[in-house]
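A.B. asks: Sharing a sequence plus its predicted fold:
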Amino acid sequence: MSGANALFGQVTHSVLAAEGSLEPINGNEPSIALDPISPNRAVVGVNTSTVMRTMDPALRNWSSVIVSPPQGFYGDPVIKFTDHGVVYLAHLAKNNEGKWPSFFDRIVFERSDDAGVTFTATDIGYHLGKMQDKPWFSMDEWKKSKGYGNVYLTWTEFDSYHSSNPQDSSRIWFARSVDGGRSFQTPVVISDRGGDAMDDDATAEGANVTVSPDGSLHAVWSRNDTIWYDCSTDFGKTWGKDQFVAEQFGGWNHENVKGTMRVNGMPFIESNAKGHLFVVYSGGACNKQTMGACKSRDVYLVCKFGAKGSFTVPATVNRPERGMDDATHRLDVNTPDFEMTEQYSPALVTSANKKRVFVAWQDRRRSVTGGFFDVYGAELVVEPWYRGKAGNLTWLKRCDNIRLSKTASVAPGDVVFMGDYIGLDWQKDIVLAYTGFDASRLYPVIQLAKLGVKPRLMGLRKIHGVNGVLEPGLTLMVPENVQEKSHTRSTVEKGRADEKILIWAEWPEVNNFTIEIKMGSQVVFSHVFENLLDSKVDFELPLSRFVPGPYEIVLRKKGRSVSFPINLK
């Protein structure tokens, strides 16, 4: 079960819901921002033409604003506060005269001077017959920079979306605003080489930009299983040659992530106050990913120390822990062990003073079946020539993984779009917004977390995560999947005999409990789980084991129980 608001230690959890409603918003792909002037003020943009606003430090009470610019609002929102409290919002267009995907004919950029109550829109990048996709933007927030206050925007252009014609391609565009987002100067292409137009690994996508203290611009994107970088030292007027950053094994399009329609590992870049560049992305653990030789998909970090430095070799951000490969409680002996350890879709943020860097990502380390995911994070502490405990020279000094999610969310199947990105911001505290799935309501919801940053010895401040199981919880889901017949949209549904029931159960500080499934008064399934790792279990059962009809699933421990009704089709 999920949806409760709770404060555990220094982590506050909630689910995004409109004012006066007990029902969470049906949405995905959130972007979240905190007001640096009034840190309790937060805004969230979601893929439903909606901006949510709050002054509640617990992130519980929200009011909604429907954003309806003349250019339309389809999705891919990116929302940020300036250091003067102005809200910027970028998103895809939805031209009423076109059809999907041709109505993505420009990038829309909006400005709000009243903390997200009203917005004024402009647009960039219209080229007749071409499709404009996924904007990201950054602001120059360095007060000593000659570009202070500028807005820098990047996106991908398709000649013809999802076209296999070799004459159609994709490219990275850049535009800047010197008047606070009210207008943008003539865009320029910054990618020296284009990609294909298939919206796949060979497509040039995921471009975003950061600004270093001297006002230089640094952009990254992915194409052809490679992370690329380019730089401008004249505030975006001209750009250099594309530079290789790292190989991205398996590409940015992460295929075959269990129970998920689409997952990507696009790169993100940030600069800290020293001008060090941090780039995170996700990809396969080796270059034989498609051959089944790899057992993990990981989150990676590369750094560049100073303007004249080169990028480091990639370092793995996610760290293994006890129980990641445990399959003790698998009940369906006909189901092979889940072979992949999945960590993917990172987001990156710096603290308000730009001295600290934090990364968050989706992570399936706690799921034996691979059908449930959490969000984990880590502060990235680097030193160019730090010597590790073993005496070896390294540069990633500390990367302690912490869990950010209250409980795991089920992956609902590949017919449900869960969004492509995580929302992340950091002022006094860190705020996180990500898409989970409500298995009782059967739709995606926006999960929120606020992470307290508390002082500790030597003036350092610790970022708190979630430890263990916080309260009794129970989730049951039959993921809804289809099998693609080809690269077209033609699909064929899987049969009931192939479907699995996914179950997650947890109870704080115990090593055993009982799960029952009942049809009326008859118990049709019962199992006592013993020697539990971390007070939780997840397992699969074949759907064909149960006749269609209404059931109740019950989690029991010490005379207490948690239960809810289910209907198995």
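C.D. replies: Received, thanks.
A.B. asks: Give me the most central residue, this protein.
C.D. replies: By C-alpha atoms, centre = their mean, the chain has its centre lying nearest to residue 422, at 2.7 Å.
A.B. asks: check contacts around that residue.
C.D. replies: Residues near residue 422 by C-beta atoms under 8 Å, 6 or more residues apart in numbering: 345-347, 360-362, 375, 432-434. To be clear about C-beta, it is placed using only N, CA and C from the backbone, and glycine gets the same treatment.
A.B. asks: Can you tell me which of those residues is closest to residue 507?
C.D. replies: Nearest to residue 507 among the contacts of residue 422 is residue 375, at 21.6 Å by C-beta to C-beta.
A.B. asks: just to revisit the earlier point, once you drop chain neighbours, what's closest to the residue nearest to the centre of the chain?
C.D. replies: Of all residues not flanking residue 422 in the chain, residue 347 sits nearest, at 4.1 Å (C-beta to C-beta, 6 or more residues apart in numbering).
A.B. asks: That neighbour: neighbouring residues, count only.
C.D. replies: For residue 347, the neighbour count with other C-beta atoms under 10 Å is 23.
A.B. asks: tell me which strands and helices the helix or strand hosting it is in contact with?
C.D. replies: Taking DSSP states H and E as the criterion, residue 347 maps to strand 341-350. Secondary-structure packing of strand 341-350 (3 or more C-beta pairs under 8 Å, 6 or more residues apart in numbering; DSSP states H and E): strand 268-271, strand 277-284, strand 296-304, strand 357-363, strand 423-426.
A.B. asks: got JSON lines for the ones you listed, with distance to residue 504 too?
C.D. replies: Converted to JSON lines, the helices and strands packed on strand 341-350 look like this (distance: least, C-beta to C-beta, whole Å):
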{"stretch": "strand 268-271", "distance to residue 504": "29"}
{"stretch": "strand 277-284", "distance to residue 504": "23"}
{"stretch": "strand 296-304", "distance to residue 504": "21"}
{"stretch": "strand 357-363", "distance to residue 504": "15"}
{"stretch": "strand 423-426", "distance to residue 504": "24"}
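A.B. asks: Could you point out which of those strands sits nearest residue 535?
C.D. replies: Relative to residue 535, the nearest member of the helices and strands packed on strand 341-350 by C-beta to C-beta is strand 357-363, separated by 18.2 Å.
A.B. asks: Export that closest one to PDB, keeping only CA atoms.
C.D. replies: Provided in PDB are the C-alpha atoms of strand 357-363 (Å, rounded to 0.1, in the frame of the first residue of the first chain):
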ATOM      1  CA  VAL A 357      26.600  17.600  -6.000                       C
ATOM      2  CA  PHE A 358      23.900  14.900  -5.600                       C
ATOM      3  CA  VAL A 359      22.600  12.200  -7.900                       C
ATOM      4  CA  ALA A 360      19.400  10.200  -7.800                       C
ATOM      5  CA  TRP A 361      18.400   7.200  -9.900                       C
ATOM      6  CA  GLN A 362      15.800   4.300 -10.100                       C
ATOM      7  CA  ASP A 363      17.100   1.100  -8.600                       C
END
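A.B. asks: Please name the strands paired to it in the sheet, noting orientation.
C.D. replies: strand 341-350 (antiparallel), strand 372-379 (antiparallel) (DSSP bridges).
A.B. asks: roughly how far is that strand from the heart of the chain?
C.D. replies: Put simply, strand 357-363 sits 8 Å off its chain's centre (C-alpha atoms, centre = their mean, to the nearest Å).
A.B. asks: Identify the residues contacting that strand?
C.D. replies: Contacts of strand 357-363 from elsewhere in the structure, counted by C-beta under 8 Å, 6+ apart, are 263, 270, 272, 278, 280, 282, 299, 301, 317-318, 342-351, 373-380, 404, 422, 424, 426, 430, 432, 434, 463.
A.B. asks: hang on, the earlier thing: mind putting the strands paired with strand 357-363 in JSON lines, mean pLDDT and distance to residue 26 included?
C.D. replies: Formatted as JSON lines, the strands paired with strand 357-363 follow (pLDDT from 0 to 100; distance: least, C-beta to C-beta, whole Å):
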{"stretch": "strand 341-350", "mean pLDDT": "95", "distance to residue 26": "21"}
{"stretch": "strand 372-379", "mean pLDDT": "96", "distance to residue 26": "19"}
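A.B. asks: ok so, going back, would you mind checking which of the contacts of residue 422 is nearest to residue 501?
C.D. replies: Using C-beta to C-beta, residue 362 is the member of these that sits closest to residue 501, with 22.4 Å.
A.B. asks: Quickly note the distance from that closest one to residue 449.
C.D. replies: 13 Å (C-beta to C-beta, to the nearest Å).
A.B. asks: what sits in contact with each of those two?
C.D. replies: With C-beta under 8 Å, 6+ apart as the test, residue 362 and residue 449 both reach residue 375.
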